[in-house]
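next comes the sequence, and after it the predicted model I'd like to discuss.
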Amino acid sequence: MKRGGIEKDNINFTEACKILNKSKRTVSRYIKLGILKPERIRSRRGSLEYRFNRIELSKFKKPERTEQTRPDSEIIALLKDQLKVKDEQINQLIERSRETNILLKGLQNQLLLTEGKMINEWKGKKDDYRKDRGVKEDKKRQGINGFLKRLFRGKNLNGLA
């Protein structure tokens, strides 16, 4: 049918944008890329206008989305499986953490024992040093006393030493 010289199936640019639910800029890009091929008509004023065929627009328009998602029960089952896997991973991490803590405690104990041995060794060396020093002082006294005794044989040296 014709209405005022224009076919009823021909749609102008703005109506095409509304039908396609796209912006004017997007529809212009489609035209430039050759995705949409409107008819170009000169208006009475001399400007270039696009006319779109309603049938071609309906073919171009994406079909309404049909629900191709999984049913809720499948999604819930999938999520439950994922939760089980995550729970196992968490339990493994907890076990590793526990093992790490046990190893660290063992290393700390070894370090403390080593420090204790070192302190005891140091104390022992200190005591040994004191003993050695005392022995040396005793030997020194004996040596001096022996020397003096040899020097002054037979005389009383209790007052000197």
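Great, that's in hand. No experiment lies behind these values; they were computed from the predicted model shown. Numbers count the residues shown, from 1 in each chain.

use CA for all of it now, contacts and neighbours both
Noted.

tell me the centre residue of this protein?
Nearest to the geometric centre of the chain sits residue 93, at 14.8 Å (Cα atoms, centre = their mean).

distance of that one relative to residue 103?
Distance from residue 93 to residue 103, counting by Cα to Cα, to the nearest Å: 15 Å.

also residue 111?
12 Å.

quick one on the thing from earlier: now the residue nearest to the centre of the chain: which helix or strand?
Assigning secondary structure by DSSP states H and E places residue 93 in helix 72-151.

tell me which other helices or strands that helix touches.
The helices and strands touching helix 72-151, judged by 3 or more Cα pairs under 8 Å, 6 or more residues apart in numbering; DSSP states H and E, number zero.

distance from the chain centre to that helix, please.
Centroid separation for helix 72-151 versus its chain: 33 Å, with Cα atoms, centre = their mean, to the nearest Å.

and whichever strand in the chain runs longest, what's buried?
In the chain, with assignment by DSSP state E, the single longest strand is strand 48-53. Buried residues in strand 48-53, counted by 16 or more other Cα atoms under 10 Å: 50-53.

C-alpha coordinates for that strand, PDB please?
Only the C-alpha atoms of strand 48-53 are listed here, as PDB (Å, rounded to 0.1, in the frame of the first residue of the first chain):
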ATOM      1  CA  LEU A  48      19.200  12.200   1.400                       C
ATOM      2  CA  GLU A  49      16.900  10.000   3.400                       C
ATOM      3  CA  TYR A  50      17.100   6.300   4.300                       C
ATOM      4  CA  ARG A  51      14.100   4.000   3.900                       C
ATOM      5  CA  PHE A  52      14.200   0.600   5.500                       C
ATOM      6  CA  ASN A  53      12.100  -2.400   4.500                       C
END
